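**Q** Predicted structure and sequence below. I'll ask about it afterward.
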Amino acid sequence: MRTAYRLPVAGTGTANRQRTRTADGYQPGNIAQQKKATAATRRNNGFLTERIYPVAPPDYSIDWDENNRINLTTPESFDYLYRSAVNYARLLDVRLPFPKKRRSRCPRQDIVRLFEVMDNLVPESVNLEVVKGNLAFCLYRHHDWPDHTLFWLPLDFTRVLSAPTRRLVLEFIRRFILHHDMRDLKETYYYEMSCDNLESRPNYDEHITPREIKAWKKLVESYEKGRIDRMLKRMWKRPFCSGFTKLLSEYCPEKKEERNLLALVREGMAFIGKDAPSIMSYQYDWAYEEEPDFRPIPLDEQVMLVYSIRDVLTEDMMEIINSDQQETYCLSPVTYMPLSPETDRLFCMDNFPERFARWFGKFTEYIEQHF
């Protein structure tokens, strides 16, 4: 686990940028209870954040694909949203404060007003999503997630472990990354940028020595086609040992450091069981824009497999992420629930991401301190 960057919180966005993004680009986990984010729409449906004039344009359309353009603000869209809202209000055991007589001749205005009613009615934050070409309400709430923390799971420490312990730890990591749909650093654009940086830096940094240049080149070659590349690819293939669960419960290493490490692995088994969700299933871009100035940092780049957190390439990746975090926001875990007229339960959320973060932090901190 690595803390990527910290900036002092200077306040929320300006009036012309209504989405609730704090100055450091992070959405706190308890923001839904303290101050709900001004809703932003998926697929750049800007009619919610634009001013509604007395005579508003009757339609709001988007390009759905290369050949089709759909109108989102139809009477049918409003009717679906209205029935969804009435149904959810019934589940809350309250009356929806939007009487039929308030409907106007403009569906777009009605949708905006209904959205405001829903936003005030529920404790969660509310978005409008495009689902199968139709507008739908989506409730969401942020989990309590560590601020500006990279959950990068390294492999290099396993080289110093005894053979039986190494096989058990590698098999656990293999199962862990598969269960949580994690990817490795080579699948990110940060990796490509870091490789380019290491290659070009000697051209403008006169303080870099020939020895450093040679070491960097050797490191990049190992990532591209050498030992590190083979190690990363191996993690997605066959198991490292058979009878893993039984071996993990029975094996007791001679070294105290390895015994404690396996104790953390056993604790981590709770996060890859049959009933454990994937951490990536909590990714939700609550402030989605079709063409953002800066893309948000996705969850699968904050939680991913790396070879090392100590080499110059991953350190350079961290610096790039530090820079990006000053311009954008991170997608921290969110529980979300689309609404329909058939929704039969109230919004609820578990604490899996919080428990995941606490265990992951203990695991990687122990690795850093003892290996």
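**A** Thanks, I have it.

**Q** neighbours around residue 104, how many?
**A** Applying other Cβ atoms under 10 Å, we find 11 other residues in the vicinity of residue 104. Placement of C-beta: from N, CA and C, glycine included.

**Q** Verify the stated contact: it with residue 110.
**A** Yes - using Cβ atoms under 8 Å as the test, residue 104 is close enough to residue 110 to be in contact (5.7 Å).

**Q** Run through the strands of this structure in chain order.
**A** Using DSSP state E, the strands of the chain run over 2-3, 61-63, 69-71, 125-131, 134-142, 149-153, 303-305, 334-338.

**Q** average pLDDT for the first one?
**A** Right, strand 2-3. Model confidence over strand 2-3 averages 58 on the pLDDT scale.

**Q** Quick one: mean pLDDT over the top helix by length along the chain.
**A** Ranked by residue count and defined by DSSP state H, the top helix of the chain is helix 352-370. When the per-residue pLDDT values of helix 352-370 are averaged, the result is 98.

**Q** just stretch 104-113 next, same as before
**A** The predicted confidence, averaged over stretch 104-113, sits at 86.

**Q** For it, C-alpha coordinates in PDB please.
**A** The C-alpha coordinates for stretch 104-113 follow below in PDB (Å, rounded to 0.1, in the frame of the first residue of the first chain):
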ATOM      1  CA  SER A 104     -45.800  20.800 -17.600                       C
ATOM      2  CA  ARG A 105     -45.900  20.500 -21.300                       C
ATOM      3  CA  CYS A 106     -42.200  20.100 -21.400                       C
ATOM      4  CA  PRO A 107     -40.900  16.600 -20.300                       C
ATOM      5  CA  ARG A 108     -37.500  18.000 -19.900                       C
ATOM      6  CA  GLN A 109     -38.600  20.400 -17.200                       C
ATOM      7  CA  ASP A 110     -40.700  17.700 -15.500                       C
ATOM      8  CA  ILE A 111     -37.700  15.400 -15.400                       C
ATOM      9  CA  VAL A 112     -35.500  18.000 -13.800                       C
ATOM     10  CA  ARG A 113     -38.100  18.900 -11.200                       C
END
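
**Q** residues in contact with residue 357?
**A** 145-146, 149, 151 (Cβ atoms under 8 Å, 6 or more residues apart in numbering).

**Q** For it, give its distance to residue 299.
**A** For residue 357, the distance to residue 299 (Cβ to Cβ, to the nearest Å) stands at 12 Å.

**Q** cool, and residue 171?
**A** Spatial separation of residue 171 from residue 299 under the definition Cβ to Cβ is 24 Å.

**Q** Likewise for residue 249?
**A** According to Cβ to Cβ, residue 249 and residue 299 sit 31 Å apart.

**Q** Same question for residue 351.
**A** Computed as Cβ to Cβ, the residue 351 to residue 299 distance reads 17 Å.

**Q** Tell me which of the two has more neighbours.
**A** For residue 351 versus residue 299, the count of surrounding residues by other Cβ under 10 Å is larger for residue 299: 26 against 10.

**Q** and the nearest residue to the more buried one once chain neighbours are set aside, how many residues sit next to it?
**A** Once its chain neighbours are removed from consideration, residue 299 has its nearest residue in residue 283; the separation is 4.2 Å (Cβ to Cβ, 6 or more residues apart in numbering). By the measure other Cβ under 10 Å, the count of residues near residue 283 is 19.

**Q** Can you name the residues that contact residue 283?
**A** Neighbour list for residue 283: 298-300, 331, 333-334 [criterion: Cβ under 8 Å, 6+ apart].

**Q** Just give me the closest of those to residue 179.
**A** Closest to residue 179 out of the contacts of residue 283 is residue 300 (13.4 Å), distances taken as Cβ to Cβ.

**Q** wait, doesn't that closest one sit right on residue 184?
**A** No - here residue 300 does not reach residue 184: they are 10.3 Å apart, not a contact under Cβ under 8 Å.

**Q** When those two are compared, which one has more neighbours?
**A** Neighbour tally, residue 300 and residue 184, criterion other Cβ under 10 Å: the higher count belongs to residue 184, 20 against 17.

**Q** ok, what's across the strand from the more buried one?
**A** For residue 184, the residues forming beta bridges with it (DSSP bridges) are residue 305.

**Q** That one and residue 191, how far apart?
**A** Computed as Cβ to Cβ, the residue 184 to residue 191 distance reads 9 Å.

**Q** just residue 260 next, same as before
**A** Residue 260 sits at a distance of 32 Å from residue 191 (criterion: Cβ to Cβ).

**Q** do residue 137 as well
**A** Remark: distance between residue 137 and residue 191 (Cβ to Cβ) = 38 Å.

**Q** Residue 206 now?
**A** Summarising the geometry, the distance separating residue 206 from residue 191, computed by Cβ to Cβ, is 26 Å.

**Q** From the centre of the chain outward, give me the first residue you hit.
**A** Most central residue of the chain, judged by C-alpha distance to the mean C-alpha position with Cα atoms, centre = their mean, is residue 299 at 2.6 Å.

**Q** for it, what are its contacts?
**A** By Cβ under 8 Å, 6+ apart, the residues touching residue 299 are 279-280, 282-283, 330-333.

**Q** okay, now residue 93: neighbour count?
**A** A count of nearby residues for residue 93, using other Cβ under 10 Å, gives 7.
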